[in-house]
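Asker: task: produce atomic coordinates for the following.
(one chain, ligands or ions: 1)
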Amino acid sequence: MPLANLHPFQQFDLERIPSWRDFEFNKKNTERDENAANDMEAAFQRALREGSLRDFTSTYFGRAREILERYHWEPVIYEILSEAFPRMIRFYLFLRRRKRSSLAVQGSCHTWQIPLSLLIHARGLAEEMEKNGKRVSEYYALRDDPPLNRWVRENVRPVIESYVGSRAIAPHAHIRVVNTESFSNTWDYMYKDHPFGYYHWDELCHSIPLIIYLRDVSISDGPYSYIEGSDRSPQNLTIRAFAQAISCKLLITDKIDTAHKKKLAALPRIFRAGEMVGSHVDPALFTDGIVKRATGVAGTAILADGFSLVHGGGHPSGGRRSALFIAHRYPRNRLMDIWSAAARKWWQLRGPRSTAHSRLSPSRIW
Ligand SMILES: [Fe+2]
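Answerer: Now for the predicted structure:
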């Protein structure tokens with residue numbers, strides 16, 4: 001049986017994508033691996049419904065052992081499975097607390113039009129940065145900008161808190177100014193093989209940035225772009241956790257180059273998804289009707305759930321963009337860190353082990 005409950009952008013048939021075609025793909029054990037991953041996912045979904053991790057943990061450990069035995073305790077596979085487990089515990093803690101299934105009540109982003117009188121300080125700084133060719137500002141202290149700080153507290157925080165189901169506090173902020181002439185060499189490679197190669201999911205469940213345009217942003221200025229409705233489709237979170245283990249821990253990169261592709265192709269199929277989802281799915285999935293480009297005048301503010309929404313953009317194709325990015329902090333993250341550390345410990349104590357594995361050196365891992 002194929003993998004169950006895949007999100008439309010988790011259809012990672014890499015063999016069919018032109019830029020992946022020349023690689024040699026591992027075709028062994030696909031069906032047995034997919035059955036094991038489906039068991040893990042079914043147990044995870046039950047845990048979410050019932051509020052207990054006990055059955056999920058024993059199913060995950062049991063199926064992980066089966067996979068490891070099948071691949072003779074291959075260190076890379078061991079690392080993926082051990083890294084994915086605490087990540088799923090984090091997903092569980094976030095999703096159990098979440099109050100609704102999507103951040104925006106209508107569409108996939110929450111938007112506002114902020115009066116320019118609240119952006120005088122930020123726009124002044126952005127202008128300075130443009131003159132000096134600076135791309136990213138130092139920490140932007142919102143408390144030194146009381147009118148904007150108050151607006152964020154009164155308008156944005158309630159939307160976030162009513163979604164995540166816990167407190168959001170003192171945000172971090174910074175300004176980013178980019179233009180094609182100076183910086184296109186830092187992103188051109190992302191679009192070489194795939195016009196939507198940069199489209200991705202964010203790693204953290206609490207990745208809910210507020211982006212405020214400080215200048216008008218037209219289609220060539222790198223507007224925030226996303227796949228309308230992609231935040232509302234359920235995901236296979238087991239496959240997502242495997243993908244995160246690779247993209248965010250073992251092979252940290254947003255540059256899917258030849259070496260990366262070769263390693264991914266050699267992995268069993270269940271591990272071949274990616275957080276850079278654009279690079280892992282057929283370009284034909286990105287049709288005009290579902291790709292939204294959030295152009296807007298100065299003062300346009302966009303709030304999006306980067307963990308659930310397939311998104312990209314921010315790279316001008318001919319113009320420039322200056323924007324203020326505001327990310328809240330979440331006290332609940334502390335609890336999630338503690339649980340995540342406990343899950344790692346639990347895996348080490350009670351998870352699958354073999355004497356063969358204990359003799360392998362970590363330096364053998366990628
Ligand atoms: Fe992102």
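Asker: just give me how far stretch 259-277 sits from the chain centre.
Answerer: 16 Å (CA atoms, centre = their mean, to the nearest Å).
Asker: go on, stretch 14-30?
Answerer: Relative to the centre of its chain, stretch 14-30 is centred 23 Å away, using CA atoms, centre = their mean.
Asker: burial check on the residue in the stretch 1-150 of the chain positioned nearest to the ion, number of neighbours?
Answerer: Residue of the stretch 1-150 of the chain nearest the ion, by CB to the ion: residue 109 (12.7 Å). Quick note: C-beta positions are derived from backbone N, CA and C, even for glycine. When counting by other CB atoms under 10 Å, one arrives at 21 neighbours for residue 109.
Asker: which residues touch it?
Answerer: With CB atoms under 8 Å, 6 or more residues apart in numbering as the criterion, the residues that contact residue 109 are 103, 224, 226, 294, 302, 303, 304, 309.
Asker: the top helix by length along the chain - contacts with which helices or strands?
Answerer: Counting residues, the longest helix in the chain under DSSP state H turns out to be helix 75-97. Under the contact definition 3 or more CB pairs under 8 Å, 6 or more residues apart in numbering; DSSP states H and E, helix 75-97 sits against helix 30-50, helix 54-70, helix 237-244, helix 332-350.
Asker: quick one, it and helix 332-350 angle?
Answerer: Relative orientation of helix 75-97 with respect to helix 332-350: 140 degrees, computed using axes from the mean of the first three to the mean of the last three CA atoms, to 10 degrees.
Asker: extract the CA atoms of helix 75-97 and return them as PDB.
Answerer: Extracted C-alpha coordinates of helix 75-97, given in PDB (Å, rounded to 0.1, in the frame of the first residue of the first chain):
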ATOM      1  CA  PRO A  75      23.900   4.900  10.500                       C
ATOM      2  CA  VAL A  76      22.200   7.500   8.300                       C
ATOM      3  CA  ILE A  77      18.900   5.700   8.600                       C
ATOM      4  CA  TYR A  78      19.400   5.300  12.400                       C
ATOM      5  CA  GLU A  79      20.100   9.100  12.600                       C
ATOM      6  CA  ILE A  80      17.000  10.000  10.500                       C
ATOM      7  CA  LEU A  81      14.700   7.800  12.700                       C
ATOM      8  CA  SER A  82      16.200   9.000  16.000                       C
ATOM      9  CA  GLU A  83      15.900  12.700  14.900                       C
ATOM     10  CA  ALA A  84      12.400  12.300  13.500                       C
ATOM     11  CA  PHE A  85      11.000  10.900  16.800                       C
ATOM     12  CA  PRO A  86      11.400  14.100  19.000                       C
ATOM     13  CA  ARG A  87      10.300  16.200  16.100                       C
ATOM     14  CA  MET A  88       7.000  14.300  16.000                       C
ATOM     15  CA  ILE A  89       6.600  14.900  19.700                       C
ATOM     16  CA  ARG A  90       6.900  18.600  19.000                       C
ATOM     17  CA  PHE A  91       4.300  18.400  16.300                       C
ATOM     18  CA  TYR A  92       2.100  16.500  18.700                       C
ATOM     19  CA  LEU A  93       2.400  19.200  21.400                       C
ATOM     20  CA  PHE A  94       1.800  22.000  18.900                       C
ATOM     21  CA  LEU A  95      -1.200  20.400  17.200                       C
ATOM     22  CA  ARG A  96      -2.900  19.200  20.400                       C
ATOM     23  CA  ARG A  97      -2.900  22.800  21.700                       C
END
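Asker: for that helix, buried residues please.
Answerer: Neighbour counts using 16 or more other CB atoms under 10 Å place 75-94 of helix 75-97 among the buried residues.
Asker: repeat for stretch 274-282
Answerer: For stretch 274-282, the neighbour count (16+ other CB under 10 Å) marks 274, 275, 276, 277, 278, 279, 280, 281 as buried.
Asker: what of stretch 149-161?
Answerer: With the criterion 16+ other CB under 10 Å, stretch 149-161 contains buried residues 149, 151, 152, 156, 157, 159, 160, 161.
Asker: domain parsing of this protein, as residue ranges.
Answerer: The record's domain split for the chain, according to automatic domain parsing, is 8-99+235-273+335-364, 110-230+290-330.
Asker: rewinding a little: quick one: the contacts of residue 109 as CSV, columns for distance to the ion too.
Answerer: Supplementary listing: the contacts of residue 109 in CSV, determined by distance: CB to the ion, whole Å:
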residue, distance to the ion
103, 14
224, 9
226, 10
294, 13
302, 12
303, 13
304, 9
309, 9
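Asker: count the residues that sit near the residue in the stretch 251-366 of the chain positioned nearest to the ion.
Answerer: Proximity to the ion, evaluated over the stretch 251-366 of the chain using CB to the ion, is greatest for residue 306 at 4.6 Å. Around residue 306 there are 21 other residues, counting by other CB under 10 Å.
Asker: go on, residue 105?
Answerer: By the other CB under 10 Å criterion, the neighbourhood of residue 105 contains 10 residues.
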